[in-house]
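Undergrad: build me a model:
(one chain, ligands or ions: 2)
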Amino acid sequence: MKLFELEPDSNINLLPKDGTVNYYGSLFDSQEAHLFYSKLLENIAWKNDEAIIFGKKIITKRKVAWYGDKPYSYTYSKTTKSALPWTTELQILKQRTEDKTGELFNSCLLNLYHDGSEGMSWHSDAEKDLKKNGAIASISLGAERRFLFKHKRTNEKVELSLENGSLLVMKGETQENWLHRLPTTKKILTPRINLTFRMIKED
Ligand SMILES: O=C(O)CCC(=O)C(=O)O
Ligand SMILES: [Fe+2]
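TA: Ligands and ions are numbered 1, 2, ... in the order given. Prediction:
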């Protein structure tokens, strides 16, 4: 056991410019992280994602789900989904994320990556349904994976590792100026669940 486990400083901005990314490390002890992971695996309405890539409809191996305060429709990879009502676990996780970050969220996109062969390619989350420059809070459960940012103009890169139970927040102009991706890897053989709490525009 490590006697002096240093918590990451969530005030540090991991990006050198044009946006803000804060890493909070793990929000849970390993038992609690495992409990949330199992409950989400069991209780979330996981579906294979449909995306339109180069004009062709494809079905991803990765599974997704979309929850929110209201049945918001959300257009993602050119397909539209309607948000389901919060489950108990999601309500607890949303509350905890809001307490930690001081931000409010009204929706959550979940991703289930069965192993390292599934990932997400370079993109930014600036869909028109999302509040402009609203914070996006990302919780990771299960396998630890690498996560990268790339500046849209300069190609500068920032890399980190998303631990089991960890919270990462992207805010300010991050989505306007940076892309992010979850690279695939042959080394990871176990699943990971990711939750991104977001704020959908209500007009
Ligand atoms: O799985 C992750 O950590 C990232 C997911 C993501 O970028 C997204 O859902 O937009
Ligand atoms: Fe994203």
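Undergrad: now do the worst-scoring helix or strand of the chain on mean pLDDT: distance to the chain's middle.
TA: Using mean pLDDT, DSSP states H and E, strand 73-76 stands out as the lowest-scoring helix or strand of the chain, at a mean of 78. Offset of strand 73-76 from its chain centre (CA atoms, centre = their mean, to the nearest Å): 16 Å.
Undergrad: change the start of the numbering to 518 and stick with it
TA: Okay, using 518 as the starting number, the last item reads as strand 590-593.
Undergrad: what's the following helix or strand after it?
TA: Moving toward the C-terminus from strand 590-593, the next helix or strand (DSSP states H and E) is strand 596-599.
Undergrad: skipping adjacent residues, who's closest to the residue in the chain positioned nearest to ligand 1 in space?
TA: With CB to the nearest ligand atom, the shortest gap between the chain and ligand 1 falls at Asn711, namely 3.4 Å. From N, CA and C alone the C-beta is placed, and that goes for glycine too. Nearest residue to Asn711, sequence neighbours excluded (CB to CB, 6 or more residues apart in numbering): Asn628, at 4.5 Å.
Undergrad: residue contacts, that neighbour?
TA: 579-581, 637, 710-711, 713 (CB atoms under 8 Å, 6 or more residues apart in numbering).
Undergrad: bridged to it, which residues?
TA: Using DSSP bridges, the beta-bridge partners of Asn628 come out as Val581, Asn711.
Undergrad: how about the least confident helix or strand of the chain and ligand 1, touching?
TA: No - Strand 590-593 is not in contact with ligand 1 by CB under 6 Å from any ligand atom; minimum separation 8.0 Å.
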